[in-house]
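**Student:** Structure, please.
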Amino acid sequence: MNTLQITPFMHVRAGVFDAALSFWQSMGFAVRFRYPGYAYVEREGAGVRMQAHQEEDQEIAPGRRGFRYYVDVRDVDRVYDELKPALMALPAGDVYGPIDQAYGQRELIILAPDGDLLVFGAAIRKAGNGAGDGHGAAGKID
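**Tutor:** Below you'll find the predicted structure:
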């Protein structure tokens, strides 16, 4: 097999590119490559490509831009514990979870400064059913 992975390509308004990049870094993603108006960030092998665009067209409500980045993890609570200092620094209402969802995922949902959603999710494993492969996959922060 030759295919390695699918990497989302995030288009970010140029005016918030640096804030968006800082946000992803605060969520544990390391900048692997940076060029003016472009960055590649990665966390434990999961990467996102970011590109600035100049179009300052209509404002779209946060969380409604059509971009959601779902990172499958083994333990959402471990991610939450790791990121809690950075999450507490975000505006009230920008973090939801971790919470068990009806569709069998435990999720931590975070609103990024550019209006995108970043979700860390894990399958909920129930005793005896063998459910949860980590591919399917939110409570307020105290």
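
**Student:** Kindly state the beta-bridge partners for the residue sitting nearest the centre point of the chain.
**Tutor:** Central residue of the chain (Cα atoms, centre = their mean): residue 118, 2.3 Å from the mean position. Beta bridges link residue 118 to residue 69, residue 110, judged by DSSP bridges.

**Student:** give the contact list for it.
**Tutor:** Applying Cβ atoms under 8 Å, 6 or more residues apart in numbering to residue 118 gives the contacts 24, 27, 68, 69, 71, 109, 110, 112. Bear in mind the C-beta positions are built from the backbone N, C-alpha and C, glycine included.

**Student:** any idea which helix or strand carries the fifth one?
**Tutor:** The one in question is residue 71. Following DSSP states H and E, one finds residue 71 within strand 68-72.

**Student:** which residues touch that strand?
**Tutor:** Under Cβ under 8 Å, 6+ apart, the answer for strand 68-72 is 8, 10, 43, 46, 48, 116-122, 134-135, 137.

**Student:** from those residues, which has minimum pLDDT?
**Tutor:** Of all the contacts of strand 68-72, residue 137 carries the smallest pLDDT score, 38.

**Student:** shaky segments in this protein?
**Tutor:** In the predicted model, the chain carries pLDDT under 70 at residues 2-4, 6, 55-67, 126-142.

**Student:** Dump stretch 7-21 to PDB, restricted to CA.
**Tutor:** The C-alpha coordinates for stretch 7-21 follow below in PDB (Å, rounded to 0.1, in the frame of the first residue of the first chain):
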ATOM      1  CA  THR A   7      -4.400  15.600   5.400                       C
ATOM      2  CA  PRO A   8      -7.000  18.400   5.700                       C
ATOM      3  CA  PHE A   9      -6.200  21.700   4.000                       C
ATOM      4  CA  MET A  10      -7.500  24.600   6.100                       C
ATOM      5  CA  HIS A  11      -8.100  28.000   4.500                       C
ATOM      6  CA  VAL A  12      -7.700  30.700   7.100                       C
ATOM      7  CA  ARG A  13      -8.400  34.400   6.600                       C
ATOM      8  CA  ALA A  14      -5.100  36.200   6.300                       C
ATOM      9  CA  GLY A  15      -6.000  38.600   9.200                       C
ATOM     10  CA  VAL A  16      -6.300  35.700  11.700                       C
ATOM     11  CA  PHE A  17      -3.700  33.300  10.300                       C
ATOM     12  CA  ASP A  18      -1.200  33.900  13.100                       C
ATOM     13  CA  ALA A  19      -3.900  33.600  15.800                       C
ATOM     14  CA  ALA A  20      -5.100  30.300  14.200                       C
ATOM     15  CA  LEU A  21      -1.600  28.900  14.100                       C
END
